[in-house]
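J.: Build the 3D model from these lines:
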Amino acid sequence: MLTRRRLIAISAVAVLVPLRAQATPRLWTGQALGARASIRLDHPDGAAIAARVLAEIDRLENVLSLYRPESALSRLNRHGRLDAPPFELLDCLAVAGAVHHASGGRFDPTVQPLWALWAEAAAKGGRPAATARQNALHRTGWDGLRMDSTAITLRPGMALTLNGIGQGYVADRVAALLAAEGLDDILIDTGELRAIGGQPGGGGWPVQLAPQGQVALHQRALATSAPRGTTFDAAGLDGHVLDPHSGLPCPARWQAVSVSAPTAALADALSTAACLMPDRAAILDLLGRFNGARLEAATPA
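T.: Reported below is the predicted structural model:
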């Protein structure tokens, strides 16, 4: 069984591949999002650019990570208030809020108390009792979050997780950095995919969908969510995507849902919300509320 932290470490290998057909790109490695990161650049200032990319990912982890005790998110969860919040945290939460409202509350970063409850119960080899689940549900709810440029506040007992959007948001910020460096024809992979342009030789980046199919990614982002891709229990029944209405793992209607969108943060959040939708029509209705969002695959379980 994989913990959520281990899931992020495995799936968040950042691979940035700006290629020139006539040259062999150089390779740099480091740590990013809790995992080994590799950066391949065909550029005369490649080493300096790679260092700036890794520094940017590290900076964003200090804002968005649940696993760094002094990150902005961790301090908000610990104290229930964060004064002068970083722009990136406000920006990420704004996207999360838009998907939350459009999905009828199915995408909800306030499920962290529930997630912690399920993880703790799983570590003891069981499932949360109904009363404990209800108590955790009382500590969730987007209406308990208040934010503006001066402060973010949470209702007592609440906590946030950005696990359903943060990797995509990091991909978007790295894309912005590389575009500002004048680079194009890049594929960024932080667990979610973001393409700047397409392949150097023309056409989109061919991306294999799970469990089957392929999409050509050009100036777009792609995210895939699998409700039972990681489970709390060894039997593989209690998936890590939780229903914020019931407090239970979402029903296994879908093996995997892949969504493309103009940004990776939006694709990330929408693919997570889609896992909680009852049918394909509901997924399409959700995506229709966002310009440029597209369902690439929805594989029934």
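J.: which residues touch residue 76?
T.: 82, 85, 89, 152, 154, 160 (Cβ atoms under 8 Å, 6 or more residues apart in numbering). To be clear about C-beta, it is placed using only N, CA and C from the backbone, and glycine gets the same treatment.
J.: same deal with residue 260?
T.: Counting by Cβ under 8 Å, 6+ apart, residue 260 has contacts 215, 217, 220, 221, 222, 223, 267, 293, 294, 296.
J.: For the residues you listed, pick the one with the most neighbours.
T.: Counting neighbours by other Cβ atoms under 10 Å, residue 267 comes out on top of the contacts of residue 260 with 33 neighbours.
J.: Would you mind stating the distance between residue 120 and residue 144?
T.: With distances defined as Cβ to Cβ, to the nearest Å, the gap from residue 120 to residue 144 amounts to 22 Å.
J.: Report the central residue of the chain.
T.: Nearest to the geometric centre of the chain sits residue 165, at 3.1 Å (Cα atoms, centre = their mean).
J.: helix, strand or coil for the residue nearest to it when sequence neighbours are not counted?
T.: Across the structure, with Cβ to Cβ, 6 or more residues apart in numbering as the measure, the residue nearest residue 165 apart from its sequence neighbours is residue 269 (4.5 Å). When states are read from DSSP: H, G, I helix; E, B strand; the rest coil, the local structure at residue 269 comes out as helix.
J.: And residue 269, how close does it get to residue 233?
T.: 26 Å.
J.: Between those two, which has more neighbouring residues?
T.: It is residue 269, of residue 269 and residue 233, that has more neighbours when counted by other Cβ under 10 Å, with 33 against 16.
J.: thought that one was touching residue 168?
T.: Yes: applying Cβ atoms under 8 Å, one finds residue 269 in contact with residue 168, separated by 7.2 Å.
J.: sorry, back to before: return the subset of the contacts of residue 260 lying in strands.
T.: Cross-referencing the contacts of residue 260 against strands under DSSP state E gives 215, 217, 221, 222, 223, 294, 296.
J.: before we move on, back to that, want to try TSV for the contacts of residue 260, with distance to residue 52 and pLDDT as columns?
T.: Putting the contacts of residue 260 into TSV (distance: Cβ to Cβ, whole Å; pLDDT from 0 to 100) gives the following:
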residue	distance to residue 52	pLDDT
215	29	93
217	24	92
220	24	96
221	21	96
222	25	95
223	25	95
267	24	98
293	30	98
294	32	98
296	31	97
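J.: which of those lies closest to residue 136?
T.: Checking the contacts of residue 260 against residue 136 by Cβ to Cβ gives residue 223 as the nearest, at 26.4 Å.
J.: Quick check: bridge partners of that closest one?
T.: residue 259 (DSSP bridges).
J.: for it, what are its contacts?
T.: Applying Cβ under 8 Å, 6+ apart, one finds that residue 223 lies in contact with 168, 192, 193, 258, 259, 260, 261, 264, 267, 268, 270, 271.
J.: Quick check: the farthest pair among the residues you listed?
T.: That would be 193 and 270, which, of those, are the farthest apart (Cβ to Cβ) at 13.9 Å.
J.: neighbour count winner among those two?
T.: Under the neighbour definition other Cβ under 10 Å, residue 193 and residue 270 were set side by side, and residue 270 has more, 32 against 25.
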